[in-house]
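Colleague: how does the following fold in three dimensions:
(one chain, ligands or ions: 1)
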Amino acid sequence: MLKSSYKLNSITFITGNPHKVKEARGILNNLGITLEHADLGYVEIQGNLEDVARYGAKYAALRLGKPVIVEDAGMFIKALKWFPGTYSSYVQDTLGNKGILKLMSDVSDRYAEFRSVIGFCTPKTEPEVFLGTVKGRIGYEEKGEHGFAYDPLFYPEGYDKSFGELGRKEKNQFSHRRKSLEKFASWYKIQEISK
Ligand code: ITT
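Modeller: As a prediction, this is how the structure comes out:
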């Protein structure tokens, strides 16, 4: 446990993705944490989600001079050997959802999951990471106008609606982001952090 003079009821989220900010703010507000946002950019190294989140959080905390969170996330499709995974952002911008549907056109195993790793760091401590996963399947066409990126393709387990058809509040109840942020919040609230 660390010693503190930072407020533990607020945190700065470093991301360039406004959808992530809206979702994270809704989730953390409900858990009693105020979210500040800074679109600072950070170095994304090659590696798994945990590596990227750890390195990014450390880099951003040192640059900003205060505690931060970053998130590295992605969609992992089993039949495609867990593609696009850590390349999700790039693949969304290039192949897009139509490209994913094409790759999946002859595939009967539709299993996929979203994963989110929150990286937390202060200028004086080592990073911590928190993983959240939601299981589901890839649909046969895009459905819904809500959410962003792969949401219209992804049907969470037990639902016959895609994330794209669910409103933000509903998605926030059980998404990968909800799970990783909830783990982070439970941990954060019992920390004392030294400046
Ligand atoms: P930052 O790195 O600036 O936070 P980013 O969008 O590039 O923003 P990631 O590197 O974590 O974030 O990329 C993850 C990609 O995975 C994201 O761009 C989407 O294409 C996809 N993704 C992650 N979470 C998603 C969600 O809840 N719904 C739909 N697509 C998601």
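Colleague: so which bits of stretch 53-71 are buried?
Modeller: Judged by neighbour count (16 or more other C-beta atoms under 10 Å), stretch 53-71 contains these buried residues: 53-61, 63, 66-71. To be clear about C-beta, it is placed using only N, CA and C from the backbone, and glycine gets the same treatment.
Colleague: state the mean pLDDT of it.
Modeller: For stretch 53-71, mean pLDDT is 96.
Colleague: so what touches that stretch?
Modeller: With C-beta atoms under 8 Å, 6 or more residues apart in numbering as the contact definition, stretch 53-71 has outside contacts at 6, 11-15, 20, 24, 38, 40, 42-45, 47, 72, 116-123, 126-127, 129, 177, 180, 184, 193.
Colleague: is it in proximity to the ligand?
Modeller: Yes - residues of stretch 53-71 contacting the ligand under C-beta under 6 Å from any ligand atom: residue 71.
Colleague: keeping just the C-alphas, turn that stretch into CSV.
Modeller: Once side chains and other backbone atoms are set aside, the C-alpha atoms of stretch 53-71 remain, and they are given as CSV (Å, rounded to 0.1, in the frame of the first residue of the first chain):
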residue,chain,number,x,y,z
ALA,A,53,-1.5,-0.6,-21.0
ARG,A,54,1.4,-0.8,-18.5
TYR,A,55,3.8,1.0,-20.7
GLY,A,56,1.3,3.7,-21.8
ALA,A,57,0.2,4.4,-18.3
LYS,A,58,3.7,4.8,-17.0
TYR,A,59,4.6,7.1,-20.0
ALA,A,60,1.5,9.3,-19.6
ALA,A,61,1.7,9.5,-15.8
LEU,A,62,5.3,10.8,-16.1
ARG,A,63,4.4,13.2,-18.8
LEU,A,64,1.3,14.6,-17.1
GLY,A,65,2.8,14.5,-13.6
LYS,A,66,-0.2,12.9,-12.0
PRO,A,67,-2.1,9.6,-11.7
VAL,A,68,-3.7,8.4,-14.9
ILE,A,69,-5.5,5.5,-16.5
VAL,A,70,-5.2,4.4,-20.1
GLU,A,71,-7.0,1.5,-21.8
